[in-house]
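In: give me coordinates for this.
(one chain, ligands or ions: 1)
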Amino acid sequence: MTPHTGPSPHLPAGFRVGDWELGAPIGSGAWGTVHEARALADGSPFAVKVLRTDALAPGQRAALDELVRREVRFSREADHPNLVRTHAVHTVEAPELPGLDGAIALVMDRAERSLQDVLDATEPGRGVPGADRVLRSVAAGLAHMHAAGWVHGDLKPANILLGAEGQVWLADFGVASELEGTHAHMPPLGTLDHLPPEWWSQRTGARGTVVRPTADIWAFGVLAHQVLTAGLHPFPGATARARALAAQSYARGSVPLRLEPGIEEERRRLVADCLAPDHAARLPHTADALRARLDDLSAGRRGPRRAVPVVAAVLAAVLATAGAALVWGDEPAARKDGPRTAASATGTRGPAQGAPAAAGEIPADSDVPEALRPVIVKAAHRCTDEEITPALLAAMLKAESGFDADAARPETDEYGIAMWTPSVFRAWALDGDGDGDKDHMSPPDAITTMSLYVCWLDQRFKQAKLPKKDLVALVVAGYRTSDRTVIEERGVPERVRPHVEKVLRYLAEYER
Ligand SMILES: Nc1ncnc2c1ncn2[C@@H]1O[C@H](COP(=O)(O)OP(=O)(O)OP(=O)(O)O)[C@@H](O)[C@H]1O
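Out: The predicted structure follows:
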């Protein structure tokens, strides 16, 4: 939606907005004009973005209000040196200036230029000066946003601002969306050149399009390629639409990824990881993991970090089983030491009849259906975090559905052996049985995806420094609620306590 056409009137230099005085306009975007500004108190530099509200259709006014609400709320919640800060919001009072009276003014940190300006001024084919530092800063800002539960949704060079003292700020949070569990909703804005391929096959619902942090990771991959080549897009095409079609052909497997050969190998690999063809394959490459890799590259440390790709190992193994093409598949699937590895190495069967079950394994005389055991064992062993064991998955499945593949709870929109809500399943789905389809009613698909999801929850809770001794209970609670709910409550939410206790009882029986 483009709210205005034609040149916008500007507020005059010297105009006061709260405790700030405006200077010359810096530039204009779809929603308004950005001005230089100074604090009246000490003359320190700021920028003020003036968003016109006149001549907006009611729907556009609502969209603008929502944009401002997000921008301000985000700025309040996610304070970080790599995120531009909105210091104040004012309503412009200028009855003598029709078109600007009632406009909304956002007072922000002042940048010198945008990353797009730098790309435009650099000869294509070479990295922009300080490329690594810029990328590290962007990854750090993004990691902070994601950890705070937000998706940026419009990451591109024009939205990276560079300050006079070398600051690198992510900006333009008008489209930023708050995560609800695994995904967020954003209005259908975004920029064609940086949208992930899966975006094109999604329908826009009443609340907008579903976005996940992995959409930002794709955009980061495009941006990193641009920064490392001074502006070249990783997909060929003379127009943004042609490039988007090329990205979709690549994601369908019709054409390989062809990155600029001039990019140094480790950085090419990092870009390729970000441009993994689908959400699930991109999942291991979190913004924080990318930041750490960029730190290593800048410090001259090469090769994959051992500690980072835990979920990568999960996905590498699971997707390799399913025959999926993985851009990042050269990472060996890490395994836990000890008896669990031995069990999986012997064809993922449970322990021999009569032998005591190893810790976390499913005992031979348990009520877990024979046919499900290899699936559960294999799925659990994909996760390298020690809390996620076959016994835990079995206990969860028993509590969720009583191992009934056709279980259904339509009133809460939960179906199948792992009681997936179909829309949430789609955000994580893995093809556990390798039949080319990801189906929440297929036990191998549902259980493999459950293992991936609880593995991720476990890591989220560790990152959030929740007590280690409670992790199993918290993961079970997270599966019934969301990572965010559990982190906010820093414990098992009261409403799911009976369910969690039931799972822990079953688990204790399997581990007896
Ligand atoms: N805080 C800031 N400090 C300095 N310049 C800024 C700041 N914020 C934006 N700008 C510059 O002002 C101009 C207009 O920015 P604005 O965010 O309104 O639009 P845009 O990002 O170019 O486009 P759109 O918002 O329509 O996608 C751009 O050149 C941008 O680089």
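
In: what's the burial count for the single nearest residue of the stretch 1-150 of the chain relative to the ligand?
Out: Nearest to the ligand in the stretch 1-150 of the chain, going by C-beta to the nearest ligand atom, is G29, at a distance of 2.0 Å. In this view, the C-beta of every residue, glycine as well, is placed from N, C-alpha and C. By other C-beta atoms under 10 Å, 13 other residues sit near G29.

In: how far away is it from V84?
Out: Note on G29: its distance to V84, by C-beta to C-beta, to the nearest Å, is 14 Å.

In: wait, doesn't D404 sit right on A418?
Out: No - here D404 lies out of contact with A418, judged by C-beta atoms under 8 Å, at a distance of 10.8 Å.

In: more neighbours: which of the two?
Out: Using other C-beta under 10 Å as the criterion, D404 and A418 rank with A418 on top: 27 against 15.

In: quick check: the more buried one is in a helix.
Out: No - A418: not assigned to a helix; according to DSSP: H, G, I helix; E, B strand; the rest coil it is coil.

In: ok, now which ones touch it?
Out: Counting by C-beta atoms under 8 Å, 6 or more residues apart in numbering, A418 touches M396, L397, E400, S401, H440, P443, A446, I447, T449, M450.

In: and with 10 Å instead?
Out: 393, 396-397, 400-401, 405, 407, 425, 440-441, 443, 445-451, 453-454, 479 (C-beta atoms under 10 Å, 6 or more residues apart in numbering).

In: quick check: phi and psi on it?
Out: phi -100, psi 10 (degrees, to the nearest 10).

In: next one: the one 3 residues further on
Out: Note on T421: its backbone torsions stand at phi -80, psi 120 [degrees, to the nearest 10].

In: OK, contacts around it?
Out: G181, R409, T412, D413, E414, Y415, A427, H440 are the contacts of T421 under C-beta under 10 Å, 6+ apart.

In: which residues of the stretch 51-200 of the chain lie near the ligand?
Out: V84, M108, D109, R110, A111, S114, A158, N159, L161, A171, D172 (C-beta under 6 Å from any ligand atom).

In: what's the neighbour count on the residue of the stretch 151-300 of the chain found nearest the ligand?
Out: Taking C-beta to the nearest ligand atom, the ligand has its nearest neighbour within the stretch 151-300 of the chain at A158, 4.9 Å off. Applying other C-beta under 10 Å, we find 17 residues neighbouring A158.

In: one more: A408?
Out: Quick note: A408 (other C-beta under 10 Å) scores 14 neighbours.

In: the one 3 residues further on now?
Out: The burial count assigned to E411 is 6, neighbours taken as other C-beta under 10 Å.

In: report pLDDT for it.
Out: pLDDT for E411: 84.

In: ditto for L283
Out: pLDDT, L283: 86.

In: didn't it look like it was pressed against I217?
Out: Yes - L283 is within contact range of I217, at 8.6 Å (criterion: C-beta atoms under 10 Å).

In: between those two, tell me which one has more neighbours.
Out: I217 (27 against 22).

In: so which elements touch the helix or strand the more buried one falls within?
Out: Element membership of I217 [criterion: DSSP states H and E] is helix 213-228. On a contact count with 3 or more C-beta pairs under 10 Å, 6 or more residues apart in numbering; DSSP states H and E, helix 213-228 meets helix 115-121, helix 131-147, strand 150-151, strand 184-186, helix 240-251, helix 265-274, helix 279-282, helix 287-298.

In: so where do the helices sit in the stretch 401-512 of the chain?
Out: 422-428, 443-463, 471-480, 483-489, 497-511 (DSSP state H, counting those that start in this stretch).

In: what about the third one, distance to the chain center?
Out: Taking C-alpha atoms, centre = their mean, to the nearest Å, one finds the center of helix 471-480 at 21 Å from the center of the full chain.

In: that helix vs helix 497-511, what angle?
Out: Put simply, helix 471-480 runs at 130 degrees to helix 497-511, going by axes from the mean of the first three to the mean of the last three C-alpha atoms, to 10 degrees.

In: in helix 471-480, what counts as buried?
Out: By 16 or more other C-beta atoms under 10 Å, the buried positions in helix 471-480 come out as L471, V472, A473, L474, V475, V476, A477, G478, Y479, R480.

In: grab the nearest non-local neighbour of the first one.
Out: Nearest residue to L471 in three dimensions, chain neighbours excluded: E387, at 4.9 Å (C-beta to C-beta, 6 or more residues apart in numbering).

In: ok, the one you found touching S451?
Out: No - the criterion here is C-beta under 10 Å, and E387 misses it with S451 at 11.6 Å.

In: higher neighbour count, the two?
Out: Using other C-beta under 10 Å as the criterion, E387 and S451 rank with S451 on top: 28 against 20.

In: state the distance from that one to the ligand.
Out: Distance, S451 to the ligand, by C-beta to the nearest ligand atom, to the nearest Å: 40 Å.

In: hang on, the earlier thing: in TSV, list the helices of the stretch 401-512 of the chain along with mean pLDDT.
Out: Putting the helices of the stretch 401-512 of the chain into TSV (pLDDT from 0 to 100) gives the following:
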stretch	mean pLDDT
helix 422-428	78
helix 443-463	88
helix 471-480	95
helix 483-489	87
helix 497-511	93
